[in-house]
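Engineer: sequence isn't available, so here's the structure alone:
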């Protein structure tokens, strides 16, 4: 990964003769553009941007007791953690799947599927024991949320849709494990 980033840096900041050539940004037009972008960044925080974007996709954001943003999208309750001093947010789908903690076979299936999905997926799937007799499975995704993202509402919808794909994959893989056990 480091090699790729280093080569990209060299490609954009060095010419073919391998001499360093800095990017010139001191023209009046560029200075005005930079000042405008800086002022825009100062006017809206990550949390405000998250609230505005959630409203623009047709959901009503609310605050939880823990300070998270809660909203409903396509009938599912999501939680978002957004703080002003970070350009990244955490989006969580709590309780996308659950099962009894006394069902050892189901626990083994879910554990195997969660490990496989985390190894190849873009969202993190995790589970935890609750106060009741259930084990809750959650999906979490960490992503960039800044004003410079073009069509930010579609970007957020894309992130949310990845949760539905992950949940479908989770259910399908668990069912495949059940069917393989029946065939044995």
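Structural biologist: Here it is on my side, so go on. Small disclaimer: the values here were computed from a predicted structure and weren't measured. Residues are numbered from 1 along each chain as shown.
Engineer: ok, which stretches of the protein are strands?
Structural biologist: With DSSP state E, the ranges of strands along the chain come out as 62-63, 69-73, 76-81, 88-100, 124-129, 134-144.
Engineer: relative to residue 109, which of the ones you listed is closest?
Structural biologist: Ranking the strands of the chain by proximity to residue 109 (C-beta to C-beta) places strand 88-100 first, at 8.8 Å. Backbone N, C-alpha and C define where each C-beta goes, glycine included.
Engineer: most centrally placed residue in this protein?
Structural biologist: residue 141 (2.9 Å; C-alpha atoms, centre = their mean).
Engineer: where in this structure is pLDDT low?
Structural biologist: For the chain, the stretches with pLDDT under 70 are 1-43.
Engineer: 80 instead, please
Structural biologist: The chain contains residues with pLDDT under 80 at 1-43, 184.
Engineer: in it, which spans are helices?
Structural biologist: Along the chain, counting by DSSP state H, helices occupy 2-13, 28-43, 46-56, 104-120, 152-183.
Engineer: buried residues of the shortest one, list them for me.
Structural biologist: Which is helix 46-56. Across helix 46-56, burial judged by 16 or more other C-beta atoms under 10 Å covers 46, 47, 49, 50, 51, 53, 54.
Engineer: from residue 47, how far out is residue 105?
Structural biologist: According to C-beta to C-beta, to the nearest Å, residue 105 stands 43 Å off from residue 47.
Engineer: let me see the domain layout of the chain.
Structural biologist: 1-43, 45-183 (automatic domain parsing).
Engineer: most tightly packed of the ones you listed?
Structural biologist: domain 45-183 (a mean of 15; mean count of other C-beta atoms under 10 Å).
Engineer: hmm, the residue nearest to the centre of the chain is touching residue 160, no?
Structural biologist: No. Between residue 141 and residue 160 there is no contact under C-beta atoms under 8 Å: 9.1 Å.
Engineer: anything in contact with each of the two?
Structural biologist: Common neighbours of residue 141 and residue 160 (criterion: C-beta atoms under 8 Å, 6 or more residues apart in numbering): residue 91.
Engineer: so who does the nearest residue to residue 145 once chain neighbours are set aside touch?
Structural biologist: With C-beta to C-beta, 6 or more residues apart in numbering as the measure, residue 89 is the residue that lies nearest to residue 145, at 4.8 Å, once sequence neighbours are left out. Shown in contact with residue 89 (C-beta under 8 Å, 6+ apart): 46, 50, 80, 81, 82, 142, 143, 145.
Engineer: equivalent analysis for residue 71, please.
Structural biologist: Residue 71 sits next to 54, 59, 60, 61, 62, 77, 78, 80 when contact means C-beta under 8 Å, 6+ apart.
Engineer: what about the nearest residue to the second one once chain neighbours are set aside, distance to residue 50?
Structural biologist: Excluding the flanking residues, the one nearest residue 59 by C-beta to C-beta, 6+ apart is residue 71, at 4.2 Å. Look at residue 71 and residue 50: by C-beta to C-beta, they are 9 Å apart.
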